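Undergrad: Quick one, what's the 3D model for this:
(chains A and B, ligands or ions: 1)
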Amino acid sequence: MTTEPTIIIAVLLPSSCNVNGDAENGSVLARRGRARGLTVELVPVESVADLPEAVHAVVLGSCDDPSAPAVLEALRPFHDAFIAWVEAGVPILAVANGWKLLTRRLELAPGSWVDGLAIIEGDAPLRGARASDDLLVVPAGDLELESPVLVGYENHARDFRGGTGVKAVGAVRHGRGNGDGTEGAMVGPFIGTHLHGPVLAKNPELADRLLRQAIVVAGGTSMLDDSAELRALDEIAAQTRAQVVTSIG
Amino acid sequence: MRYAPAILAGRAVRFLARLRKPGGGSAVPGLVVNRVAPGFLPDTLNSFPRGLVIVSGSSGKSTTTKMLVGILRAHQVSVFTNPSTANISQGLTSALLERADLRGRIDADLGVLEMDEGHGALIAPRLRPAHVILTNVSVDQIDRFHDAAMVSRMLDAIAGRSTGSLVLNGDDALVDAVASGSAATRWRYGVSASVLEASPRGLGYSSTAPDRVDADAGTVVQSLVGDEVVIAHRGESARFRLPARGVHYAVDAAAAISGAAAILGPEFRLATAAASFEALTPVFGRGEVTTVRGVEVEFVLVQNPASFQLNIDSLAPDTEQILVAVGSDVRDPSYLWPVDTARLGRVAVVSGSKAWEAALQLGYDGVEIDRIEPDLGAALDAFLALPAPGVGRKTVIFTADSMRRTRAHLGLASNDQDDA
Ligand SMILES: [Zn+2]
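TA: The predicted model follows:
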């Protein structure tokens, strides 16, 4: 029996990037790892000084629009860390504004563009009207998920136009997503999405995909055992998804 | 006589609405009058001899309004106030109709209205309130109010209309900053440093001010033990019991005392105000204890993440029988996820149209769930039928929509539609 390494999950800027509960996805990953007997450390990171030496998964939630300029400045010192994480295959989940601040350019106010961290090729123009609705996404084949649909909620003011090398997370079945029928951005281990709030709790298959990547990065071998505790939670998640899908019809 | 036909039309519709749905307060008559005589609402509201008072903010409006009305009536002032659930234009007009004479006047010295921030900002340009009381800014109802800045802009629009005084929560940095150019007299209330320290998660404000309100100049919650509070007001202090536990009720009481002092001027007596709390029954669903089907039940209303957290943190320890209901008023429950629900420990029933997502959050927080029943009527019946808890009271924690459905299902009258 081998000793499995500790999985370290960094949640970036949780004090300003948890308006819709997106930062809670870090806790969801931690809970799912611990239920499988893994040792998981969940680290809130408010500045680069808080970064642990090793990081095996990263969660960055969304901030509200008025705080976006300040959050952008707070994120800039993380530029090199993001590049290193992408290169090392560290799974990153970035939600709504948290993701848009990592693109090349975003339109903060009408006609007023600022440079993002340019981790993800593409830009984020303002939409005519805010998108606020249930969002259903047929996941891209690359994600290798069995579920036919990712379910969540979107509430954002900007679309996304991906540049070279950026793939979509999936196709929009209901809602707005990127504004062109696609939703989200995938580059290597990076996933950006408008599915806000507890997207990993609602879509546990996606959570386990990120967790498996984190285990690999940490040098572990665990296959993610079945867990009665998670079966109960995942049944509730399935009912949550079914309730949304049914309400949309 | 300008409004007589409109008022009579509204009364006729109200009567018909009652025939169709016994006991149901309806927004339909208000809708009719607002169409026939759009000036009725502002004209009536601007006609009180001692003026109009508006209470707004993200949470605590209903409790503050209720407390303020109690204090004013204890000072022998006749008050018109709106039922807390009727704070939209049509509902408010319907409530006014019940009391207005055919000239559209109401026989009361003073009007005290609770208004939600979005609606208040829309109607504010047509109102001339003598006093505006603001509770707090917490990110609330995210579909409508996208961020705290938008909420504070709405409160600013309401506050800017005050002709006399502004009564402001000095602990909430966004509230404290509203209407900075206004000539209205500013009154401030808040909590002491020790009360703030005893709330490790803060008071649920979007932005807490760095400094506390001076008890010699303002109104300050000095201490709080259970439901017993000490409030200092301009150098005096009073000790009394709140209608329910929880630091947010103590802050609401400070807001009401500060507001009453601003409105009454030299007539105000702190001892009279303190005594008025004894007679106060909690607003339905804000910590009210009621006997239903022979069982004592405590009802707790969740208006936003901040009040959800504060209510969980102030539940009596070892409350062992809890029903949580999250209804369709919460369009997207995501924003409740930052709330730490672990302290609930175990929940007997999770209900409401958002029962599954609510249960998902509780489950991830490690709360044990006995049953998930989205049908609220069935959930309430099952919950009330459970054997009496060994410790504590049966406790129902619900959002506004579930509160209305609960009230209808159990045949409970609202206790806040009282008259002067
Ligand atoms: Zn829709």
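
Undergrad: Show me the shaky parts of the stretch 101-250 of chain B.
TA: B:101-104, B:139-147 (pLDDT under 70).

Undergrad: Show me the strands in it, by range?
TA: Here the stretch 101-250 of chain B has its strands, by DSSP state E, counting those that start in this stretch, at B:110-114, B:131-134, B:165-169, B:185-191, B:219-225, B:228-233, B:236-241.

Undergrad: Note down every partner strand of the fourth one and its orientation.
TA: If I follow you right, that is strand B:185-191. For strand B:185-191, the paired strands and their directions (DSSP bridges) are strand B:165-169 (parallel), strand B:219-225 (parallel).

Undergrad: ditto for the shortest one
TA: Taking DSSP bridges as the criterion, strand B:131-134 sits next to strand B:52-56 (parallel), strand B:165-169 (parallel) in its sheet.

Undergrad: helices or strands next to the helix or strand following the first one in the packing?
TA: By that I understand strand B:52-56. Counting by DSSP states H and E, the element after strand B:52-56 in chain order, helix or strand, is helix B:61-74. Helix B:61-74 makes packing contacts with strand B:52-56, strand B:79-81, strand B:110-114, helix B:247-264, helix B:270-276 when contacts are defined by 3 or more C-beta pairs under 8 Å, 6 or more residues apart in numbering or on different chains; DSSP states H and E. Placement of C-beta: from N, CA and C, glycine included.

Undergrad: Indicate which one of these is closest to B:L96.
TA: strand B:79-81 (7.8 Å; C-beta to C-beta).

Undergrad: what mean pLDDT does that closest one have?
TA: Confidence over strand B:79-81 (mean pLDDT, whole number) is 91.

Undergrad: Contacts for it, please.
TA: B:48, B:65, B:69, B:72-73, B:96, B:99, B:106, B:108-114, B:418, B:420 (C-beta atoms under 8 Å, 6 or more residues apart in numbering or on different chains).

Undergrad: what ranges do the strands span in chain A?
TA: With DSSP state E, the ranges of strands along chain A come out as A:7-12, A:40-45, A:57-60, A:92-95, A:103-109, A:112-115, A:120-124, A:126-139, A:150-158, A:161-162, A:170-174, A:182-183, A:185-187, A:190-193.

Undergrad: out of those strands, which comes closest to chain B?
TA: Chain B sits nearest to strand A:150-158 of all the strands of chain A, at 4.3 Å, using C-beta to the nearest C-beta.

Undergrad: Which neighbouring elements make contact with that closest one?
TA: Against strand A:150-158 (3+ C-beta pairs under 8 Å, 6+ apart) you get helix A:97-100, strand A:126-139, helix A:199-202, helix A:228-248.

Undergrad: so for that strand, what's the average pLDDT?
TA: What strand A:150-158 shows for mean pLDDT is 96.

Undergrad: same question, stretch A:170-188
TA: For stretch A:170-188, the mean pLDDT works out to 97.

Undergrad: For B:A400, which of the strands of the stretch 101-250 of chain B is the nearest?
TA: strand B:110-114 (13.1 Å).

Undergrad: just to revisit the earlier point, I'd like the strands of chain A laid out as JSON lines, including mean neighbour count and distance to B:S207.
TA: Compiled in JSON lines, the strands of chain A are given as follows (neighbours: other C-beta atoms under 10 Å in any protein chain shown; distance: least, C-beta to C-beta, whole Å):
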{"stretch": "strand A:7-12", "mean neighbour count": "26", "distance to B:S207": "21"}
{"stretch": "strand A:40-45", "mean neighbour count": "18", "distance to B:S207": "20"}
{"stretch": "strand A:57-60", "mean neighbour count": "29", "distance to B:S207": "22"}
{"stretch": "strand A:92-95", "mean neighbour count": "28", "distance to B:S207": "23"}
{"stretch": "strand A:103-109", "mean neighbour count": "18", "distance to B:S207": "21"}
{"stretch": "strand A:112-115", "mean neighbour count": "12", "distance to B:S207": "24"}
{"stretch": "strand A:120-124", "mean neighbour count": "23", "distance to B:S207": "26"}
{"stretch": "strand A:126-139", "mean neighbour count": "18", "distance to B:S207": "23"}
{"stretch": "strand A:150-158", "mean neighbour count": "25", "distance to B:S207": "21"}
{"stretch": "strand A:161-162", "mean neighbour count": "19", "distance to B:S207": "34"}
{"stretch": "strand A:170-174", "mean neighbour count": "19", "distance to B:S207": "35"}
{"stretch": "strand A:182-183", "mean neighbour count": "25", "distance to B:S207": "33"}
{"stretch": "strand A:185-187", "mean neighbour count": "21", "distance to B:S207": "32"}
{"stretch": "strand A:190-193", "mean neighbour count": "25", "distance to B:S207": "28"}
